[in-house]
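Asker: fold the following and give me the result.
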Amino acid sequence: MARTMGPSGKQPAGNADRLSDLPDGLIHYIMSFLTVRQAVQTCVLSRRWEDLWCSMPCLNIDEQDFRPSAIGQGSEYLDYDYEDEFEDDIDYARFEDFVTNLLMFHSAPTLDSFRFHAVCHAVSHREIKFINSWLCRCIKRRPKVVEIHSTGDCKLPRFGSSSSRLSRLHLTGITLDRTFAQQLPCSSYPVLEDLELKRCKLDDDAEIASCTLKNLTIEDCTTSNPSALTIKAPSLTHLQLFITAFGQNWHAVTVDEMPFLVKATIRLKPSTAILPCKLLYSLIYVRDLELTGLRTLDNLHIGSGTFPVFHNLRSLLLDKCDLSDSCDILGSFLNNAPCLEKLTLQLCEVLFVFLHLYRVKYSSFTILELPESFLLPKASRRF
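Answerer: Predicted coordinates:
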């Protein structure tokens, strides 16, 4: 963006390059909304912008920048859905050269955020080796936020002292070995509050233990051998547990007490509904509870004696649950949640008479009406 000088040697106000007059910190903030390829392209805007990308504290490396359909386009192509991520072939040679040179010249000593997306299944062993080396180099910059999305055989590097500033860690499709669980305690991740694991490969008998975690999401993760998943996070306020690949993950899930829990979402695919979770006593402090895909609510209560009391529970949502044989459990929920204000039954199989009785007894509840097709036939209703 060239500056045009007036007859007096001064720059006319109408042609002022105000964008280049912005402080570095504000320009870096603008760059944080761009992928690194787009950020590097800003070097053509003016001489002032030539080297600003070298010191930006946010790196968003996305292989989708190197789709044939993305070359030469603006940011509008980024509205793609990752479910359609294989529509075009990635130019990996160009991607590899770009990232290697980027990390060679990038000089920021620390990173505020590091995001990496590499989603093609067709990566070779050589490409995996390059990707793992890039991850190691970026993690050594001690980022506060790390988000890695991959469908290759990428492994999470050991953070070591680089985890001292890490507050958010989101991983998708990453292989996690036994050292990951060993590094999680407070001494290794002293400020980690947000952990999200999606479609990751975990070690056998995985344990998520942290006294700093406040948000935890575990979605569709697998193990090499069916084993037990243990969660020990006493400071947790939000829990999402989605299990949709039973047979490749856990034969049991145990969760320690979470006294600060605000919202919990437990989702099981129908074929996994026999999973004995033993979760109810771990969720007694929750305020907002969502249970999805349970063949029977008994699964959450296996091996327990008396039904727990949910003193803080305000909202209970049951989605795609079979309540036809679990009226006692549902009734126990209602009788042991003195502060419950809203009950939502969504696409559940439920006894009409049972529903009617509890609608009368608990007039303060908001109960979602169910289509007749989701109510059991009269012949199978039990009174």
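Asker: distance-wise, check the spatially closest residue to Arg158 that is not a sequence neighbour relative to Pro157.
Answerer: The shortest distance from Arg158 to any non-neighbouring residue, by C-beta to C-beta, 6 or more residues apart in numbering, is to Thr179 (6.1 Å). The C-beta positions use only the backbone N, C-alpha and C, and glycine is treated the same way. With distances taken as C-beta to C-beta, to the nearest Å, Thr179 is found 10 Å from Pro157.
Asker: give me the next element, helix or strand, following the one helix or strand Ile128 maps to.
Answerer: Using DSSP states H and E, Ile128 sits within helix 125-139. Beyond helix 125-139 on the C-terminal side, the first helix or strand identified by DSSP H and E is strand 145-150.
Asker: and the helix or strand hosting Glu290, what other elements does it pack with?
Answerer: Using DSSP H and E, Glu290 sits in strand 288-292. Applying 3 or more C-beta pairs under 8 Å, 6 or more residues apart in numbering; DSSP states H and E, one finds that strand 288-292 contacts strand 263-268, strand 315-319.
Asker: and for Ser167, the neighbour number?
Answerer: 16 (other C-beta atoms under 10 Å).
Asker: repeat for Val40
Answerer: 20.
Asker: leaving out sequence neighbours, find the closest residue to it.
Answerer: Counting by C-beta to C-beta, 6+ apart, the residue nearest Val40 is Trp53, at 5.0 Å.
Asker: tell me the SS of the one you found?
Answerer: helix (DSSP: H, G, I helix; E, B strand; the rest coil).
Asker: please apply the same query to Leu343.
Answerer: Per three-state DSSP, Leu343 ends up strand.
Asker: what do you get for Phe98?
Answerer: Per three-state DSSP, Phe98 ends up helix.
Asker: residue contacts, it?
Answerer: Arg37, Phe66 (C-beta atoms under 8 Å, 6 or more residues apart in numbering).
Asker: packing partners of the helix holding Ile128?
Answerer: Using 3+ C-beta pairs under 8 Å, 6+ apart, helix 125-139 sits against helix 92-105, strand 113-118, strand 145-150.
Asker: ok, and the closest non-adjacent residue to Met258?
Answerer: In space, Met258 is closest to Leu236, 4.7 Å off (C-beta to C-beta, 6+ apart).
Asker: can you check Leu156 too?
Answerer: Ile174 (5.2 Å).
Asker: thinking that neighbour is in contact with Ser150, fair?
Answerer: Yes: using C-beta atoms under 8 Å, Ile174 is in contact with Ser150, at 6.1 Å.
Asker: Leu59 against His106, yeah?
Answerer: Yes: the pair Leu59 / His106 is scored as a contact, 7.2 Å apart, by C-beta under 8 Å.
Asker: where do the helices sit along the stretch 201-350 of the chain?
Answerer: For the stretch 201-350 of the chain, the helices defined by DSSP state H, counting those that start in this stretch cover 327-335.
Asker: all strands of it, in order?
Answerer: Applying DSSP state E, counting those that start in this stretch to the stretch 201-350 of the chain gives strands spanning 201-202, 207-209, 215-219, 222-223, 227-232, 238-243, 250-255, 263-268, 288-292, 315-319, 342-346.
Asker: so which of these is nearest Ser164?
Answerer: strand 207-209 (18.4 Å; C-beta to C-beta).
Asker: note down every partner strand of that closest one and its orientation.
Answerer: strand 227-232 (parallel) (DSSP bridges).
Asker: could you dump the strand it pairs with to CSV, C-alpha only?
Answerer: Only the C-alpha atoms of strand 227-232 are listed here, as CSV (Å, rounded to 0.1, in the frame of the first residue of the first chain):
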residue,chain,number,x,y,z
SER,A,227,-10.2,-51.2,29.6
ALA,A,228,-11.4,-48.9,32.3
LEU,A,229,-11.6,-45.1,32.1
THR,A,230,-11.1,-43.2,35.3
ILE,A,231,-11.7,-39.5,35.8
LYS,A,232,-10.3,-37.7,38.8
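Asker: what are the buried residues along that strand?
Answerer: By neighbour count on 16 or more other C-beta atoms under 10 Å, the buried set for strand 227-232 is Ser227, Leu229, Thr230, Ile231, Lys232.
Asker: report the lowest-confidence entry in the residues you listed.
Answerer: Of all these, Ser227 carries the smallest pLDDT score, 72.
Asker: doesn't Arg178 make contact with that residue?
Answerer: No: in this structure Ser227 lies outside contact range of Arg178 using C-beta under 8 Å: 11.9 Å.
Asker: measure Arg178 to Leu184 for me?
Answerer: Counting by C-beta to C-beta - Arg178 and Leu184 are separated by 11 Å.
Asker: and those two? which has more neighbours close in?
Answerer: Shown here are Arg178 and Leu184; by other C-beta under 10 Å, Leu184 has more neighbours (23 against 13).
Asker: contacting residues for the more buried one?
Answerer: With C-beta under 8 Å, 6+ apart, Leu184 has these contacts: Leu192, Ile208, Ala209, Ser210.
Asker: for the helix holding Ile128, which outside residues touch it?
Answerer: By C-beta under 8 Å, 6+ apart, helix 125-139 touches 59, 61, 92, 96, 99-100, 103, 111, 114, 116, 118, 123, 146, 148, 150, 152-157, 159, 162.
Asker: can you list the weak-confidence ranges in the stretch 251-383 of the chain?
Answerer: Scanning the stretch 251-383 of the chain for pLDDT under 70 picks out 251, 269-278, 295-305, 324-328, 350-383.
Asker: mind doing that once more with 80?
Answerer: Counting by pLDDT under 80, the stretch 251-383 of the chain has low-confidence residues at 251-253, 268-280, 293-307, 320-332, 347-383.
Asker: closest one of the buried residues of strand 227-232 to Val253?
Answerer: Leu229 (4.8 Å).
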